[in-house]
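Asker: model this:
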Amino acid sequence: MAEPLLFTLNAFVDYASRVASHLGISLGKHEERAFEDGEFKIRPLESARGREVFLLASLYSDPSLSVNDKLLRVLLFTGALRDASAREITLVLPYLAYARKDRRTQARDPVSLRYLAQMIEAVGADRVVTLEVHNPAAYQNAFRCIAEHLDSFPIFLDWLLSVLTPEEPVAVVSPDTGGYKRAQLFRQKLAARLGSEVEIAVTEKLRGGGELHHGRLLGEVTGSTVLIFDDLIVTGRTLAHAARLCKAEGAKRVFALAAHGLFHPSANQHLAEPALDKIVVTDTVTPWHLTGQEVKDKLLVLDTTAFLAQAIARIHQGESLTELFDR
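Answerer: Below is the predicted model:
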């Protein structure tokens, strides 16, 4: 079987190079050329004819490019690969922009995730792969092409097994009711790996009159190491509130775990919360907004490149992705 071709954007070369190294291949050569008026062109510099092609890029804003700049590059590159007669094109998007806007919450709201899916399909993608999307069911229903969802559970479980002791009580907490199902699945996986019972709890988060209101902690966390588990962190306000509630109820330690650390500048203030002992995210998003030393001292960034490489290899070889999660 021929090796797959793996391309990326210039803004994502460091991450993609590590994925390519795990796969034992080199990144495909490409050209990104900017013009004086702000337009650009992007194309492969090696033949994609009849090849299985993976295009890897995480869609978030950074100091060099906005999320929309990156998205347009991905769309135009995908179209160029399709016109270059690639046999199959898979977009590997570790963080998928616009995935949170998957339904109407106000009159005449856009359903941005569905529109994004239509653009990706229109330029010729055969498959999309993403990690820990906000709502997996909405994500999979938005696409007509194959939409693969990778749970971040294995990445966090591997780290947790190195820091938790078998005898200490552990509780998984969802920072709001909307994330309860994700937290419950994570609790089940963690309990199976630890071989012991893990408690589950949730904090209330209510909206009214355009304002966000935080409520009670529902569940038992006394004497436990608490793992607040979510898909992403933006301001950190909800996490800080959940951490305070857990410590007030007798939690021993409080760790915040989230796949994607988007980190709005206000996170420097909220995540400095003393009740929050550690913040653990993955490298799908570079935490360039974090400038406060108090937060940096708590931050741990886990590597996802080996995990993504395994997923790519399994797709290329026609193997099960479910086995990757259940290993």
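Asker: Do me a favour and average the pLDDT over stretch 21-31.
Answerer: When pLDDT is averaged over stretch 21-31, the result is 98.
Asker: Counting neighbours, which bits of that stretch end up buried?
Answerer: H22, L23, I25, L27, G28, H30 (16 or more other CB atoms under 10 Å). All C-beta atoms are positioned from the backbone trio N, CA, C, and that covers glycine.
Asker: Using CSV, list the CA coordinates for that stretch.
Answerer: Output of stretch 21-31 as CSV, limited to C-alpha atoms (Å, rounded to 0.1, in the frame of the first residue of the first chain):
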residue,chain,number,x,y,z
SER,A,21,7.5,11.9,12.3
HIS,A,22,5.3,9.5,14.2
LEU,A,23,4.0,8.2,10.9
GLY,A,24,7.5,7.7,9.5
ILE,A,25,6.8,10.0,6.5
SER,A,26,7.8,13.5,5.4
LEU,A,27,5.3,16.4,5.0
GLY,A,28,4.2,17.0,1.5
LYS,A,29,5.7,20.1,-0.1
HIS,A,30,3.3,23.0,-0.9
GLU,A,31,3.3,26.7,-1.8
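Asker: Report the separation between the nearest residue to L150 once chain neighbours are set aside and A84.
Answerer: Excluding the flanking residues, the one nearest L150 by CB to CB, 6 or more residues apart in numbering is L131, at 4.6 Å. Separation of L131 from A84 (CB to CB, to the nearest Å) stands at 27 Å.
Asker: Counting neighbours, go ahead and name the busier of these two.
Answerer: L131 (25 against 16; other CB atoms under 10 Å).
Asker: a strand runs through L72, doesn't it?
Answerer: No - read with DSSP: H, G, I helix; E, B strand; the rest coil, L72 is helix and lies in no strand.
Asker: Model confidence score at it, please.
Answerer: At L72, the pLDDT value in this model is 98.
Asker: in this structure, which spans are strands?
Answerer: 5-8, 30-34, 40-44, 52-56, 88-93, 127-131, 146-150, 170-174, 199-208, 211-218, 225-233, 253-261, 278-282, 299-302 (DSSP state E).
Asker: Ok, which of these comes nearest Q106?
Answerer: Each of the strands of the chain has some distance to Q106 by CB to CB; the shortest is strand 199-208, at 11.5 Å.
Asker: Could you pull up the contacting residues of I228?
Answerer: V173, S174, P175, L239, A242, A243, C246, V254, F255, A256, L257 (CB atoms under 8 Å, 6 or more residues apart in numbering).
Asker: Between those, which sits nearest A48?
Answerer: L257 (37.9 Å).
Asker: Tell me what the closest one is bridged to.
Answerer: F229, V280 (DSSP bridges).
Asker: separation between the closest residue to F40 other than its chain neighbours and F325?
Answerer: Closest residue to F40 apart from its sequence neighbours, by CB to CB, 6+ apart: A34 at 4.7 Å. Between A34 and F325 the computed distance is 40 Å (CB to CB).
Asker: Could you do R108 as well?
Answerer: 38 Å.
Asker: quick one: which of those two has more around it?
Answerer: F325 (15 against 5).
Asker: so what's that one closest to, chain neighbours aside?
Answerer: Using CB to CB, 6+ apart and skipping the chain neighbours, the partner closest in space to F325 is D151 (5.4 Å).
Asker: now do L59
Answerer: Using CB to CB, 6+ apart, the nearest residue to L59 is A97, at 3.8 Å.
Asker: And D62, its phi and psi?
Answerer: phi -140, psi 180 (degrees, to the nearest 10).
Asker: okay but it is in contact with A11, surely?
Answerer: Yes - the pair D62 / A11 is scored as a contact, 6.9 Å apart, by CB atoms under 8 Å.
Asker: Count the residues that sit near the residue nearest to F40.
Answerer: A34, neighbours per other CB under 10 Å, totals 10.
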